[in-house]
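In: I'll drop the sequence and a predicted model, then ask my questions.
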Amino acid sequence: MDNRPIGFLDSGVGGLTVVRELMRQLPHEEIVYIGDSARAPYGPRPAEQIREYTWELVNFLLTKNVKMIVFACNTATAVAWEEVKEALDIPVIGVILPGSSAAIKSTTSGKIGVIGTPMTIKSDIYREKINQLSPQMTVTSLSCPKFAPIVESNEANSSLAKKVVYETLAPLVGKVDTLILGCTHYPLLRPIIQNVMGDQVKLIDSGAECIRDISVLLNYFQLNHSREVALEKHRFFTTASVASFREIAENWLGQTIHVEHVDL
Ligand code: DGL
């Protein structure tokens, strides 16, 4: 048993989609979350800068005595996960491998789509991981630079969101039977994405898929929390406005949370 918290990092509010799944599937675990909304989106930034920012988030979480770090961000996973994982002596979980395995399991035609930030798509990491596991899969990738900013500005339910999602995803419609939401911000746009792609397309939430890996590692290293955690124990930090983060977070999580501002 280990009653230290699990640390989550993201460029902003996207990692909350992973947190919601963790709260549902592993309600005993305590959470420390850092979202770097002041510098979001990460996706269009150069790799070296994303790497530097990710290390700042990791170092912040380490000051909170975490027992494990979850990269609740595909972009940070694509750029820095391997390196951080090698450097730390606590488990570090990324979202790309779990999303890749889930897509392989889901597809019947072998035609998988991936949507993500410019960096995640440029890195081509989903294709690489999927084809390492299963070379016969065809992966079609599409960069969606406008999606994360829409979610960060709390416009995921707006008519602008509908228009942007419809226009951006047009090239993928009818081409795949499984679509990986390769950015943790995208589950907030899920109803619109599903509507545009059609009900027959299976959407894979890469963040939600990583909860199984977290659970396996907690069991394997005997790191499980020993009792249910009171809601007020969870701590959420943002580098930008507390009010804006809280509004999006409480809507998404369906509960009141404790949010603090931090300058990195
Ligand atoms: N939520 C992030 C991801 O999963 C990054 C979005 C961004 O900041 O560009 O890739």
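Out: That came through, no problem. Numbers count the residues shown, from 1 in each chain.
In: SS state for the most centrally placed residue in the chain?
Out: Centroid check for the chain by C-alpha atoms, centre = their mean gives Thr184 as the closest residue, at 3.1 Å. What DSSP: H, G, I helix; E, B strand; the rest coil gives for Thr184 is coil.
In: tell me which element the nearest residue to it once chain neighbours are set aside is part of?
Out: Take Thr184 and drop its neighbours on the chain: the residue closest to it by C-beta to C-beta, 6 or more residues apart in numbering is Gly14, 3.7 Å away. (Glycine included, C-beta is placed from N, CA and C.) Following DSSP states H and E, one finds Gly14 outside all helices and strands.
In: what's near enough to touch Gly14?
Out: 35, 72-73, 148, 151, 183-186, 188, 207 (C-beta atoms under 8 Å, 6 or more residues apart in numbering).
In: swap in Gly113?
Out: Residues near Gly113 by C-beta under 8 Å, 6+ apart: 139-142, 172, 175-176, 178-180.
In: pull out the buried members of these.
Out: Listed as buried from the contacts of Gly113 are 139, 141-142, 172, 176, 178-180; burial here means 16 or more other C-beta atoms under 10 Å.
In: dump those residues to a markdown table, plus secondary structure, pLDDT and distance to the ligand.
Out: Supplementary listing: the buried ones among the contacts of Gly113 in a markdown table, determined by DSSP: H, G, I helix; E, B strand; the rest coil; pLDDT from 0 to 100; distance: C-beta to the nearest ligand atom, whole Å:
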| residue | secondary structure | pLDDT | distance to the ligand |
| --- | --- | --- | --- |
| Val139 | strand | 98 | 17 |
| Ser141 | strand | 98 | 13 |
| Leu142 | strand | 98 | 14 |
| Leu172 | helix | 98 | 18 |
| Val176 | coil | 98 | 19 |
| Thr178 | strand | 98 | 18 |
| Leu179 | strand | 98 | 15 |
| Ile180 | strand | 98 | 11 |
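In: and the residue nearest to Thr184, how far is that from Val32?
Out: 16 Å (C-beta to C-beta, to the nearest Å).
In: ditto for Asp263
Out: 17 Å.
In: compare those two (neighbour count), which wins?
Out: Val32 (22 against 5; other C-beta atoms under 10 Å).
In: pretty sure that one is in a strand, no?
Out: Yes - counting by three-state DSSP, one finds Val32 located in a strand.
In: who wins for most neighbours among the contacts of Gly14?
Out: The most neighbours of any of those, using other C-beta under 10 Å, belong to Cys73, which has 36 neighbours.
In: list the residues that contact that one.
Out: Cys73 sits next to 9-11, 14-15, 42, 54, 95, 184 when contact means C-beta under 8 Å, 6+ apart.
In: can you tell me how far it sits from Glu232?
Out: Distance from Cys73 to Glu232, by C-beta to C-beta: 25 Å.
In: before we move on, what about Ala156?
Out: 27 Å.
In: with neighbour numbers in mind, choose between these two.
Out: Neighbours per residue, other C-beta under 10 Å: of Ala156 and Glu232, the larger number sits with Ala156, 24 against 9.
In: what secondary structure does the residue lying closest to the more buried one once chain neighbours are set aside sit in?
Out: Closest residue to Ala156 apart from its sequence neighbours, by C-beta to C-beta, 6+ apart: Leu188 at 4.4 Å. The three-state label for Leu188, taken from three-state DSSP, comes out as helix.
In: and Leu188, what does it touch?
Out: Taking C-beta under 8 Å, 6+ apart, one finds 13-14, 17, 151, 156, 252 in contact with Leu188.
In: one more time with 10 Å
Out: 13-14, 16-17, 147-148, 150-152, 154-157, 161, 181, 248, 251-252 (C-beta atoms under 10 Å, 6 or more residues apart in numbering).
In: ok, and of these, which contact the ligand?
Out: 14, 148 (C-beta under 6 Å from any ligand atom).
In: now, the contacts of Leu188 that are in helices?
Out: Taking DSSP state H as the definition of helices, the contacts of Leu188 contribute 16-17, 147-148, 150-152, 161, 248, 251-252.
In: pLDDT wise, what is the nearest residue to Arg235 once chain neighbours are set aside at?
Out: Nearest residue to Arg235 in three dimensions, chain neighbours excluded: Val32, at 5.1 Å (C-beta to C-beta, 6+ apart). In this prediction, Val32 carries a pLDDT score of 98.
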